[in-house]
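1. Pasting a predicted model and its sequence here:
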Protein chains: 2
Amino acid sequence: MIRHFEQHLQELKSRLIKMGSLAEDSINRSIQAVLNKDYELAKTIIEEDTRINEMEIEIDQAIIDALALQQPVASDLRLILAASKINNDLERIGDHGVNLAESALALRGKDLPESSLDDIKRMCQLTKRMVGDALDGFIHADANLGEAVLLMDDSVDNLNRKITKELMEVMKSNPTNIEPSLELIRVSRNLERVADLSTNIAEEVVFIAKARVVKHHASDDLATKQTES
Amino acid sequence: MIRHFEQHLQELKSRLIKMGSLAEDSINRSIQAVLNKDYELAKTIIEEDTRINEMEIEIDQAIIDALALQQPVASDLRLILAASKINNDLERIGDHGVNLAESALALRGKDLPESSLDDIKRMCQLTKRMVGDALDGFIHADANLGEAVLLMDDSVDNLNRKITKELMEVMKSNPTNIEPSLELIRVSRNLERVADLSTNIAEEVVFIAKARVVKHHASDDLATKQTES
């Protein structure tokens, strides 16, 4: 029975990894769509988000199944609750991929103000790395990777503030800049939210990596108790 | 043992209701702070958000406790997973209350552009109503209230788009309007996010109200099975 439950946990993890890779793809490609003005790609991203939404529901069901199968020990419950949160965060990352793709479409035919593009590119790179590392941390239960993600979040927040300020000046300098600048502020804000969600996942990763240690102790305790009884 | 589990569920619900009322207060008061330029109130809201964050952690723990106590039936598991999501949504609503309070502070000493204020006030009222109804729906397991919230979300989305467009014109007309207009766009966007989160809660409310029916059938089935065995 315990082996069976472990199988459920493994299957749940595999599904989350697959969903994570879809969400990561959505962000990486939507960034590409914004920076390279690739409108076909933007449309594809928006269409493909339904798959991420479906997976969220499937994973929620898998979580119910895993819990219903037997009474897990407290540390497994925490693990499953963490999985449920990561599931939700990944779905939201997918939503931000759609928002970014929509910004790419809204920027169609408009000149992007040059002054903040370098900062936006830097922010794109940081955000992509945070999503990737948070997921790698989850796959390998690597607390170090999780903690590295947490450290990057301040840089993204600062870049977001800097970009917003810069673009405000760009708007003031010429009213024709207002529309594309506002759209780039939206891009920056969406990237910042993706970084936040990656931070949420990283916190769960750190927690899972530590809980795993606790869990093994708890299992030992349980084994002892069962032997005693 | 089943009575004990029901007690856990009731306690969990009470805590969520308390947290909900804190989150609702945060939104109602932050709206007041923005519209009435009440900076002291804005500061209080920001300070008091820690209580909402603490409650989220306490409720997560209560969820673990409820699950660890015994093996709940599948419908109770769904209920508890719904509680976990509502918990998370309420914490995020609190965060948006803080964002709104920060906007109130950022608007200090600035003239608000008149043209979109009526729409913003309308949006404030709708959003407040959505938060309140979603919570009342949860308290009374009232699917009708939940469904009413779902219907309001489109109006808020439309108002958000309208306000953003209006403020873009205000910005174009005079560069000195750019900063306060951008802050009001932020206010509008935060209200729209609160409406989204209320919609999430309302979906869980509809789900819980329906699951309750399913649950009672499931309990009947279980009782039959236990009698048979």
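-> Sure thing, it's come through.
2. Leaving out sequence neighbours, find the closest residue to the spatially most central residue of chain A.
-> Closest to where the C-alpha atoms of chain A average out (CA atoms, centre = their mean) is residue A:198, at 4.3 Å. In space, residue A:198 comes closest to residue A:130 once its chain neighbours are excluded; the distance is 4.0 Å by CB to CB, 6 or more residues apart in numbering or on different chains. Using the backbone N, CA and C atoms, a C-beta is placed for each residue, glycine as well.
3. how far away is the one you found from chain B?
-> 19 Å (CB to the nearest CB, to the nearest Å).
4. distance between the strand or helix carrying that residue and the chain's centre?
-> Assigned by DSSP states H and E, residue A:130 belongs to helix A:117-139. A distance of 10 Å separates the centroid of the chain from that of helix A:117-139, by CA atoms, centre = their mean, to the nearest Å.
5. how many other residues sit next to the residue nearest to residue A:198?
-> 28 (other CB atoms under 10 Å in any protein chain shown).
6. try residue A:103
-> Neighbour tally, residue A:103, other CB under 10 Å: 22.
7. what's the answer for residue A:136, then?
-> Under the criterion other CB under 10 Å, the count of neighbours that residue A:136 has is 18.
8. Go ahead and report the secondary structure state at the closest residue to it other than its chain neighbours.
-> Spatial nearest neighbour of residue A:136, chain neighbours left out: residue A:145 (5.5 Å); criterion: CB to CB, 6+ apart. Put simply, residue A:145 is helix when judged by DSSP: H, G, I helix; E, B strand; the rest coil.
9. Burial check on residue A:145, number of neighbours?
-> 21.
10. Hmm, residue A:40 and residue A:104 touching each other?
-> No. Under the criterion of CB atoms under 8 Å, residue A:104 is not in contact with residue A:40, lying 10.3 Å apart.
11. So for these two, which residue has more residues nearby?
-> A count of neighbours by other CB under 10 Å puts residue A:104 above the other of residue A:104 and residue A:40, at 27 against 8.
12. how far away is the more buried one from chain B?
-> For residue A:104 relative to chain B (CB to the nearest CB), the value is 18 Å.
13. before we move on, which element is that residue in?
-> Using DSSP H and E, residue A:104 falls in helix A:74-106.
14. Quick check: buried residues in that helix?
-> Within helix A:74-106, the residues scored as buried using 16 or more other CB atoms under 10 Å in any protein chain shown are A:75-104, A:106.
15. Next to chain B, which bits of chain A? Give me the list.
-> For chain A, the contact set with chain B under CB under 8 Å from any CB of the partner chain comprises A:60, A:63-64, A:67-68, A:70-74, A:77-78, A:81, A:84-85, A:88, A:164, A:168, A:171-172, A:175, A:178-179, A:182, A:185.
16. Whichever of those end up buried, select them in PyMOL.
-> Remark: buried members of those, expressed as a PyMOL selection using 16+ other CB under 10 Å:
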select buried, chain A and resi 60+63+64+67+68+72+73+77+78+81+84+85+88+164+168+171+172+178+179+182+185
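17. Can you report how many residues neighbour residue A:167?
-> Quick note: residue A:167 (other CB under 10 Å) scores 26 neighbours.
18. Pull the contacting residues for it.
-> Residues in contact with residue A:167, defined by CB atoms under 8 Å, 6 or more residues apart in numbering or on different chains, are A:113, A:116, A:181, A:182, A:184, A:185, A:188.
19. Chain neighbours aside, what residue packs nearest to it?
-> That would be residue A:181: by CB to CB, 6+ apart, it lies 4.3 Å from residue A:167.
20. Run a quick check on the one you found versus residue A:112, I expect a contact.
-> No. Assessed by CB under 8 Å, residue A:181 is found out of contact with residue A:112, at 9.1 Å.
21. surely residue A:26 meets residue A:94?
-> Yes. Look at residue A:26 against residue A:94 with CB under 8 Å: they come within range, at 5.2 Å.
22. Next, count neighbours for the nearest residue to residue A:108 once chain neighbours are set aside.
-> Closest residue to residue A:108 apart from its sequence neighbours, by CB to CB, 6+ apart: residue A:39 at 6.0 Å. By other CB under 10 Å, 15 other residues sit near residue A:39.
23. Make CSV from the contacts of residue A:167 and add secondary structure to it.
-> Below are these laid out as CSV (three-state DSSP):
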residue, secondary structure
A:113, coil
A:116, helix
A:181, helix
A:182, helix
A:184, helix
A:185, helix
A:188, helix
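24. which among these gets closest to chain B?
-> Closest approach to chain B among the contacts of residue A:167 (CB to the nearest CB): residue A:182, at 6.5 Å.
25. which one is the closest one nearest to, not counting chain neighbours?
-> Residue A:182's closest residue in space is residue B:168 (CB to CB, 6+ apart), at 6.5 Å.
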